[in-house]
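Asks: got a sequence here, can you model it:
(one chain, ligands or ions: 1)
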Amino acid sequence: MSKPAPLDKTLTLAALDRDPFPIYRRLRAEAPVLRVKALGRTLLTKAADTRYVKDTPDLFSSDDPNTPMKRAFQAHTLMRKDGAAHARERMAMAPAFAPSVITKEWMPRYEQIAAEYVARLPRGEVVDLFAALSGPYAARGLAVLLGLEEVTDTQLQRWSQTLIDGAGNFGWAQAPFAATDAAHIEMNALMDQKSDQYLRAPDNTALSVMLNADDPIERAQMYANVKIAIGGGINEPRDALNTIIFGLLRNRDQLEEVRRQNDWVRAFEEGIRWVAPISVSSRLVTQDTEIRGHFLPKGETVMTIQASANRDEEIYDNPEDFDVYRAKKPHQAFGNGPHFCQGAHVARRAVGQIMLPLLFDRFPDMSLPDPDAVIWRGFGFHGITTLPVLLN
Ligand code: HEM
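Replies: Residues are numbered from 1 along each chain as shown. Next comes the predicted model:
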């Protein structure tokens, strides 16, 4: 009979929020399967284990009722479904993510948006790129793809953050749910209005393809899954862009090489390996099992830490370094298995192919005047929250 995983009573959410990577390094070495009291969950920090869990949905379900997500979203979204129910809802949105649609429709729009947003940045000034570029660019791209172009960048970012705060409200406080409830009224009103339009004049946006499918899913699920994309489609491209800009500005030799070889997509992959925008995912154990000789009872929630998997010494040399030219190995920033990120291709192209070369072309001597002023935060989502850059 395998023994339970060790129980940690010292780790705090605040410490994981501030600077999780030294903690992950220690856990990979000392306790790769660890029950953490502060989280009420078992943390998995080794790449082989996080991949195994996500690739084995029969044993590790996405349908974890112990999270505030259902309450925050007022719905059981595709992210928390398994098997055929999940596949049906994922397929409903799939036409909007088809490679031909991305190439012919979204990329030309994203090029326009990127050009416009970069053009409005001032030259010779220190600017927080989080607020001035990365957030708004990610928001506008998402609004286009989802079919909600009327919404402003500010509004979409606010909805996104509200949903994230609600889904992460593990203390079940009242205020974050009051905020999500208010946001649902606004989002539903816009989607009702847009639905009438798309039923009359279909296009390839996510909302429209779901509404006009031969065998449509329920309207409430369409809205719920658009909201999943709102909650999970802005901050990752935004944070990825910030991380890569930071990584390249701190490693100018790499920046020069990337520029010379036009290796922006490679820089993108290394950026999200180095700091995975979605650091963790939860899965529910469906029957007694074990990992690395540790017993995991049915009903336990495991957290796969892909941010740690991406720095696993068993896979990468010098994993803590940002190194665009490291030996190519697959990373787990987009997840694995049936819930693999549906927006991966769009994000890679929007950030890697379009925004990075454009930004560094317009501001070739961009620099970080004070690297210590760059602030990193977050446990579930980890990224830069302030990125002051001198634009030249
Ligand atoms: C660098 C950018 C991005 C990263 C790192 C990222 C990461 C992820 C990860 C790790 C998951 C899996 C979560 C799990 O296993 O529980 C996921 C799922 C998802 N992502 Fe992304 N994402 C990015 C951009 C986007 C964008 C731009 C969109 C939409 C346009 C998007 C839409 C989705 C959707 C709909 C799912 C749920 C898929 C499902 O449950 O079947 N993502 N993403």
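Asks: so which residues of this protein form strands?
Replies: For the chain, applying DSSP state E gives strands covering 3-4, 7-8, 33-36, 41-44, 60-61, 126-128, 280-285, 289-291, 294-296, 301-305, 375-377, 383-386, 388-390.
Asks: what does the model give whichever residue of the chain sits closest to the ligand for pLDDT?
Replies: Going by C-beta to the nearest ligand atom, the ligand is nearest to residue 343 of the chain, at 2.2 Å. No exception for glycine: its C-beta is placed from N, CA and C like everyone else's. We have a pLDDT of 95 for residue 343.
Asks: same deal with residue 1?
Replies: 65.
Asks: nearest residue to residue 158 other than its sequence neighbours?
Replies: residue 183 (7.6 Å; C-beta to C-beta, 6 or more residues apart in numbering).
Asks: what's the local residue count around residue 193?
Replies: As a burial measure, residue 193 scores 11 neighbours (other C-beta atoms under 10 Å).
Asks: and what of residue 186?
Replies: There are 14 residues near residue 186, going by other C-beta under 10 Å.
Asks: need the contact list for the closest residue to it other than its chain neighbours.
Replies: Excluding the flanking residues, the one nearest residue 186 by C-beta to C-beta, 6+ apart is residue 159, at 7.2 Å. Listed by C-beta atoms under 8 Å, 6 or more residues apart in numbering, the contact partners of residue 159 are 151, 183, 186, 187, 227, 230.
Asks: relative to residue 73, how far out is residue 159?
Replies: Distance of residue 159 to residue 73, given as C-beta to C-beta, to the nearest Å: 12 Å.
Asks: find the residues that touch each one of those two.
Replies: Residues touching both residue 159 and residue 73 (C-beta under 8 Å, 6+ apart) are residue 227.
Asks: if we can go back for a sec, quick check: closest non-adjacent residue to the residue of the chain closest to the ligand.
Replies: residue 233 (5.6 Å).
Asks: check contacts around the residue nearest to residue 34 when sequence neighbours are not counted.
Replies: The shortest distance from residue 34 to any non-neighbouring residue, by C-beta to C-beta, 6+ apart, is to residue 43 (5.0 Å). By C-beta under 8 Å, 6+ apart, the residues touching residue 43 are 27, 33, 34, 35, 36, 302, 303, 305.
Asks: just the buried members of these?
Replies: If you count burial by 16 or more other C-beta atoms under 10 Å, the buried members of the contacts of residue 43 come out as 27, 33, 34, 35, 36, 302, 303, 305.
Asks: now the spatially most central residue of the chain: how far from residue 291?
Replies: Most central in the chain under C-alpha atoms, centre = their mean is residue 236, positioned 3.8 Å from the mean C-alpha point. According to C-beta to C-beta, residue 236 and residue 291 sit 27 Å apart.
Asks: what does residue 37 give?
Replies: For residue 37, the distance to residue 291 equals 19 Å [C-beta to C-beta].
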